[in-house]
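Colleague: Predicted model, plus sequence, below.
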Amino acid sequence: MMNTTISRLLFFFLILLSVLSCSKSNRFQGKYATLKDSVRIQRFDLDFIQLDTLDPSRALKQLADKYPAFYPFFIQNILGLDISDTTGNGQKIAAFLQNSTQKKVHQDILNSFSDLNLQDKNIQQAFSAMHYYFPEKSFPEIYAMVTGFNLQFATDDNVIAVGTDFYMGNDYPVYKDVTYDYLIKNFRIELFESDVLQQVLYNWFPVDRSSMTLLDNMLYEGKIMYLKEIALPDFSEENLMGYTKEENEWFKKNQKAILSLIFEKKYLYSTDYKLINEMIQPAPFCSPISQESPGRLGIRLGWEIIRYYMENNEDITLQELMSNRKYMQIFEKSYYRP
């Protein structure tokens with residue numbers, strides 16, 4: 001009799017655990033569509049940093065032949081050079097590649113990132129998930145590049161270029177000489193796929209921010225985060241958001257107080273550019289809220305509100321979510337109560 005009771009209790013416990021586990025999952029995850037072409041990050045960066053600096057004009061011609069679509073974009077849009085000035089470009093690029101600091105960085109890239117096979121695989125999965133829900137959208141070519149820490153991303157409708165020199169790890173010593181500490185924490189390879197996907201989604205769903213309120217910006221960014229969560233289900237909240245574990249826990253513990261302060265200060269419907277930047281853009285902390293907080297609290301809060309909205313409105317499709325610009329309506333129907 002005792003064994004039967006224990007077995008029944010165990011059975012109901014397992015059922016309850018299963019229900020609870022399901023309730024925490026995103027209902028859109030796990031659905032994929034076959035892509036026409038496999039995803040491959042094109043390693044322009046490796047060819048560029050190994051360019052023959054003794055004969056740079058000839059080497060650039062070889063690079064242009066190998067990357068006919070990307071080479072002009074890189075020379076003109078990223079480096080800001082005249083595509084027709086082969087000799088001058090060769091001299092400038094050779095000088096850049098021969099710089100002692102850059103030579104060290106480039107060798108470290110060769111040593112650390114000789115392949116990005118895992119990133120290829122994860123991006124393939126992410127694109128397949130997004131193709132399932134947005135089959136009309138097209139995917140860009142992805143190129144790895146180096147720019148001497150000048151540019152992490154460059155995009156147009158058909159291209160996303162990503163600087164591998166921004167993913168050397170948050171303990172990489174060179175970073176302290178070129179940028180701010182609060183940015184360095186996210187210069188790690190674990191965020192690569194999430195960062196690439198975010199650029200794709202920004203291109204797919206552009207907005208005019210000139211008249212958007214803080215709430216509009218928060219929920220727009222929350223939508224992007226929600227799609228990233230669907231496309232990269234094995235990524236932690238921290239790596240999707242670019243937070244440390246401690247920063248994410250701080251948000252979860254204080255989200256009620258954050259929302260209360262936003263209401264109290266009448267921030268939610270503000271179009272003040274400075275306020276919106278302080279709530280959305282990377283920073284050492286979110287100054288309108290607290291010096292103890294992580295930066296970009298507006299995005300983290302917007303993501304949570306969108307989660308509530310989609311959980312409490314199960315008839316809403318992803319297409320309807322992304323096309324809906326009635327952000328106040330979304331907020332009200334989210335029933336967000338932290």
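Modeller: Okay, I see it.
Colleague: CA only for contacts and neighbour counts going forward, please
Modeller: Will do.
Colleague: any idea how far the closest residue to Ile93 other than its chain neighbours is from Met168?
Modeller: Nearest non-adjacent residue to Ile93, counting by C-alpha to C-alpha, 6 or more residues apart in numbering: Pro56, 7.7 Å away. From Pro56 across to Met168, the span is 27 Å (C-alpha to C-alpha, to the nearest Å).
Colleague: Any figure for the gap between the residue nearest to Ile93 and Gly242?
Modeller: 38 Å.
Colleague: Can you classify the spatially most central residue of the chain by secondary structure?
Modeller: For the chain, the residue nearest the mean C-alpha position is Asp195 (2.6 Å; C-alpha atoms, centre = their mean). Three-state assignment for Asp195 (DSSP: H, G, I helix; E, B strand; the rest coil): helix.
Colleague: What does the pLDDT read for it?
Modeller: Looking at Asp195, its pLDDT stands at 98.
Colleague: do Phe113 as well
Modeller: At Phe113, the pLDDT value in this model is 89.
Colleague: Tell me, how many residues neighbour it?
Modeller: 17 (other C-alpha atoms under 10 Å).
Colleague: cool, and Ser210?
Modeller: 8.
Colleague: just Ser84 next, same as before
Modeller: 11.
Colleague: quick one: it is in a helix?
Modeller: No: according to three-state DSSP, Ser84 belongs to no helix; its state is coil.
Colleague: distance of it from Asp52?
Modeller: 19 Å.
Colleague: Please apply the same query to Thr101.
Modeller: 18 Å.
Colleague: if you count what's nearby, which of the two comes out ahead?
Modeller: Neighbour count, other C-alpha under 10 Å: between Thr101 and Asp52, Asp52 has more, with 16 against 12.
Colleague: Does the closest residue in space to that one that isn't next to it in sequence lie in a helix or a strand, and which?
Modeller: Ranked by C-alpha to C-alpha, 6+ apart and with sequence neighbours excluded, the top spatial neighbour of Asp52 is Ala59, at 5.8 Å. Assigned by DSSP states H and E, Ala59 falls within helix 56-66.
Colleague: what packs against the helix or strand following that helix?
Modeller: Using DSSP H and E, the helix or strand that follows helix 56-66 in sequence is helix 70-73. With contacts taken as 3 or more C-alpha pairs under 8 Å, 6 or more residues apart in numbering; DSSP states H and E, helix 70-73 sits against helix 56-66.
Colleague: Residues contacting the helix it packs on, please?
Modeller: Helix 56-66 is touched from outside by 47-48, 51-53, 71-72, 86-87, 89-91, 93-94, with contacts defined as C-alpha atoms under 8 Å, 6 or more residues apart in numbering.
Colleague: Pull out the buried residues from these.
Modeller: Phe48, Leu51, Asp52, Thr53, Tyr71, Pro72, Asn89, Gly90, Gln91, Ile93, Ala94 (16 or more other C-alpha atoms under 10 Å).
Colleague: just so I have it, where are all the helices in the stretch 201-338 of the chain?
Modeller: 214-231, 237-241, 245-264, 273-280, 297-312, 318-323, 327-334 (DSSP state H, counting those that start in this stretch).
Colleague: Compare those and report which one is nearest to Asp181.
Modeller: helix 245-264 (15.1 Å; C-alpha to C-alpha).
Colleague: so how many other residues sit close to Met241?
Modeller: 21.
Colleague: Contact partners for it?
Modeller: Met225, Arg300.
Colleague: I'm done for today, thanks for sticking with me.
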